Each structure stands twice: as structure tokens, then as C-alpha cells.
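Chemist: Provide a 3D model corresponding to the input given below.
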Amino acid sequence: MLIGITGVIGSGKSMVGEILKKENYLFFDCDEFVKEAYQDKDIIQALDKEFDCKNANKQDIKNAILEQPSKVLKLNEIIHPYVFKKIIELKNKYQNELLFMEIPLLFECELQTICDYTLTVVASKDVIEQRLKNRNIENYSLMRILMQFQLNQETKAELADQIVENTSTIEELEKNLHSVIANFK
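Modeler: This is a model prediction of the structure:
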């Protein structure tokens, strides 16, 4: 059973993933598939051509997106087929097990259609803003651009089968997550 986990940047999806891994649940993060995609020769070639860079240089790609935010759509067009393929492979491999997968653009890419259930992690806007600033101030502008191409938190929450609040302590998040997992089981 594939449970897709989503939320806006800074909502705490990765923290949910860390809890799941610590408790020995099957968990995969699609950001890892993106990193793998940057090693694929066909993808490197497409990125080099589109972003006028060499060897899919991430700094050059980031600079191109900062200069022309709509370039993020082209980046997604190049990277996402690889990510989708990996999701399907894992869903098939673990079809009889409880499989959690962090998919940041779950609803934007209509991947809820291949998930058995969806889970959105939510946090207050102030908490999210603080997390973004605490992560890496140099990437703050890029993260704000990427957020423009994502559904807002309220919409993601409305579309989800379940919601996990991440507004307090890790212990409270774990408690909320355990309640949701019990519903999935």
C-alpha cells in the first residue's frame, strides 16, 4: 500500500520521514530520486541543453531559475519522468507492504492517482517561514520561487486523505503520526 506524503516546503515532511525510518517503516524520499536523475546521462544532456550549463551544474540551473522562474517548469519536465518511473517500480516491488513515500509535488503532478492514500503535513505559516530562513539563507529566494509553483498548504490539506499537524514538538508530531498510521492500517 503506497502512502504519498506531501506538504509545502518547510512543513516538516522530512521530519515525518525521519520518524517513519526510525520506526522501521518502508520510507523513500523522492528528492533522492531527483539526485539520482542528475546522474543519468540523458537527463544531464537535456539539462545542459536547456540551461546552457555543463554536466548539469546545479548552481547554473539555480541561477537560471532565479533569473527566469518559469524555467522551473522545464526542469520538472526533464526530471519528473525519471522520478515517476522510480515511484512505480517501488510501488510494484512493495505492493503487499505499507510503503511511505515523500512526494513534494504529489497533487501538482497528479500522483495521488497511483497512491492508495495521501497524507499532507501542515504547519503554521510563521513556523514554515522560520524553517525556510533557518535552512539556508542563500537558498531562501530559490525556495520562495519554487513555492510559487506548488499548491498552497490549504489546498494540499483539502486534497489529502489524512493530515498531520506539525506545529509543536517532535513528540506531538510522533503522536499525530501514530494516530494517522493506525487509520491506514
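Chemist: can you pull out the helices in the protein?
Modeler: Along the chain, the segments classed as helices by DSSP state H run 13-22, 30-37, 41-51, 58-67, 71-93, 125-135, 140-148, 153-159, 170-184.
Chemist: quick one, what contacts the residue nearest to residue 55 when sequence neighbours are not counted?
Modeler: Spatially, and ignoring its direct neighbours in sequence, residue 55 is nearest to residue 44 (6.2 Å; Cβ to Cβ, 6 or more residues apart in numbering). (C-beta placed from N, C-alpha, C; glycine too.) Residue 44 is in contact with 38, 55-56, counting by Cβ atoms under 8 Å, 6 or more residues apart in numbering.
Chemist: Quick one, which of the residues you listed are buried?
Modeler: Buried members of these, scored by 16 or more other Cβ atoms under 10 Å, are 38, 56.
Chemist: Output the contacting helices and strands for the lowest-mean-pLDDT helix or strand in the chain.
Modeler: In the chain, no helix or strand scores lower on mean pLDDT, DSSP states H and E than helix 140-148, which sits at a mean of 76. For helix 140-148, the packing partners by 3 or more Cβ pairs under 8 Å, 6 or more residues apart in numbering; DSSP states H and E come out as helix 58-67, helix 125-135.
Chemist: Contact partners for the residue nearest the centre of the chain?
Modeler: Residue closest to the mean C-alpha point of the chain, counted by Cα atoms, centre = their mean, is residue 104 at 2.3 Å. Neighbour list for residue 104: 6-7, 9, 13, 30-31, 150 [criterion: Cβ under 8 Å, 6+ apart].
Chemist: can you tell which of the helices of the chain is closest to residue 112?
Modeler: Taking Cβ to Cβ as the criterion, helix 153-159 is the member of the helices of the chain that comes nearest to residue 112, at 6.9 Å.
Chemist: Low-confidence stretches in the chain?
Modeler: 136-138 (pLDDT under 70).
Chemist: doesn't residue 89 make contact with residue 99?
Modeler: No - between residue 99 and residue 89 there is no contact, the gap being 11.5 Å when judged by Cβ atoms under 8 Å.
Chemist: Please identify which of those two sits among more neighbours.
Modeler: Ranked by neighbour count (other Cβ atoms under 10 Å), residue 99 and residue 89 place residue 99 first, with 21 against 11.
Chemist: burial count for the closest residue to the more buried one other than its chain neighbours?
Modeler: Excluding the flanking residues, the one nearest residue 99 by Cβ to Cβ, 6+ apart is residue 26, at 4.7 Å. For residue 26, the count of nearby residues is 16 (other Cβ under 10 Å).
Chemist: going forward, begin numbering at 376 instead of 1
Modeler: Sure, I'll start numbering at 376, so the last one becomes residue 401.
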